[in-house]
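> just coords:
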């Protein structure tokens with residue numbers, strides 16, 4: 001399994017948290033059970049207060065799996081999926 005950091009950004013006026021239909025759908029989409037159905041494990045998630053930015057740390061077989069999983073978020077804004085590594089792996093290989 002690979003490690004990925006996901007960044008989703010949206011404009012304040014497109015904030016899905018304000019949409020009574022989209023907000024619960026996206027929250028349900030991020031559930032551990034649903035992520036597992038898509039072959040992912042969400043290790044952490046956080047929204048930067050006031051910045052309309054969501055970060056996820058995800059384990060998945062590949063970047064494409066994460067991109068497909070994040071498609072519902074692309075409706076509201078941008079989605080960037082970045083390959084990542086655990087700190088101990090970076091230290092062991094000697095570079096970031």
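Thanks, I have it. Nothing here was measured: the structure is a model prediction, and the numbers come from that model.
> C-alpha only now, for contacts and for neighbours.
Fine.
> now do the buried residues in stretch 59-66.
59, 60, 63, 66 (16 or more other CA atoms under 10 Å).
> closest one of those residues to residue 53?
For residue 53, the nearest member of those is residue 66. The distance, counting by CA to CA, is 17.1 Å.
> for the closest one, phi and psi?
phi -70, psi -40 (degrees, to the nearest 10).
> tell me if residue 20 really is in a helix.
No: secondary structure of residue 20 (DSSP: H, G, I helix; E, B strand; the rest coil): coil, not part of a helix.
> how about the strands in this structure?
In the chain, the strands defined using DSSP state E lie at 2-10, 41-48, 53-60, 77-84.
> could you dump the buried residues of stretch 59-66 to JSON lines with pLDDT and distance to residue 37?
Below are the buried residues of stretch 59-66 laid out as JSON lines (pLDDT from 0 to 100; distance: CA to CA, whole Å):
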{"residue": "59", "pLDDT": "98", "distance to residue 37": "13"}
{"residue": "60", "pLDDT": "98", "distance to residue 37": "11"}
{"residue": "63", "pLDDT": "98", "distance to residue 37": "16"}
{"residue": "66", "pLDDT": "98", "distance to residue 37": "12"}
